[in-house]
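Student: Return a 3D structure for these sequence lines:
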Amino acid sequence: MSPFDSINVEYLDSPFYIEDMPLGNTVYVIDDYLESSLHKTINRHLDRTAWQKTNQVDSRAGNRGGLPNHSLWGCSYIVGEREEDGYLSGKEGMPNHLIRWLNRRLQTDFGFAWVRFQYAGGNSQTHGQHGTCHADCQGDDEWNLSFLYYTNQFWNPNWGGKLRFYSENREGGILDEMDDIEIGSVDFKPNRLLMFDGRIQHGAEAPSEEARYIDRRSIVIRGDEIELLNKEDRYAYN
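Tutor: Next up is the predicted model:
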């Protein structure tokens, strides 16, 4: 059960220093987050990434015979509290310096440092690959943060791809059957950044049939615990 029965979506022009935690039920949305050249470079970086069917949300024992609730194309860049290279990333695989730079920029822009980092990776969804309902961390991880950055260069609004938020976990649910527990949504839009409490249940719609083979791409960067930096530390961290 999620501790959230509603959300507030706040659209901002620029990042801000986080002053208090937990983040609460507000989902912060910043459009045109990166400069155009950086946005284009990161999207091109994902073009050359070694994608695998690694983005998976497993069902609980006894449901679906152990089959996953969803299995999407993914790429792991940074994993675990020690922020180590993910599979096929780093010196022995695809370079991940751009993702490490993005991770550092988020910390600088929002005035925090990771205490327990969890994961940074890419997601890719094509038509029919809905993401099912899930949370990014455990319910007692109150000082967590989740970021989503949408890397596509172009997206037709008719192609869908919303991120939908839910009041509870309904494992293996089909999106149409979950309208009664939806508490809000955010449209998919290129160069858009989202920041929210990862305990809020959520799932990403797949592109519509009209998108054909165009994939919905995002980078997720999240952690189970952060610390807020004071003004002096913020300057030192830049």
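Student: Is it correct that Ile226 falls within a strand?
Tutor: Yes - according to DSSP: H, G, I helix; E, B strand; the rest coil, Ile226 belongs to a strand.
Student: Just give the closest residue to it, not the sequence neighbours.
Tutor: Phe112 (4.4 Å; CB to CB, 6 or more residues apart in numbering). Where C-beta positions appear, they are placed from N, C-alpha and C, glycine not excepted.
Student: Following element in sequence after the lowest-mean-pLDDT helix or strand in the chain, please.
Tutor: Lowest by mean pLDDT, DSSP states H and E among the helices and strands of the chain is strand 52-57, with a mean of 60. Moving toward the C-terminus from strand 52-57, the next helix or strand (DSSP states H and E) is strand 70-79.
Student: So what pairs up with the residue nearest to Ile226 in the strands?
Tutor: Leu228 (DSSP bridges).
Student: That one touches Asn144, doesn't it?
Tutor: No - Phe112 is not in contact with Asn144 according to CB atoms under 8 Å; the separation is 11.1 Å.
Student: Residues that sit against both of those two, list them.
Tutor: Residues touching both Phe112 and Asn144 by CB atoms under 8 Å, 6 or more residues apart in numbering: Ile226.
Student: longest single helix anywhere in the chain?
Tutor: Scanning the chain for the helix with the most residues, using DSSP state H, yields helix 97-110.
Student: Packing partners of that one?
Tutor: Applying 3 or more CB pairs under 8 Å, 6 or more residues apart in numbering; DSSP states H and E, one finds that helix 97-110 makes contact with helix 36-47, strand 70-79, strand 112-125, strand 145-150, strand 216-228, helix 231-237.
Student: would TSV of these with mean pLDDT and distance to Ala204 be doable?
Tutor: Shown next, in TSV, are these (pLDDT from 0 to 100; distance: least, CB to CB, whole Å):
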stretch	mean pLDDT	distance to Ala204
helix 36-47	93	16
strand 70-79	80	9
strand 112-125	95	6
strand 145-150	98	9
strand 216-228	97	7
helix 231-237	64	31
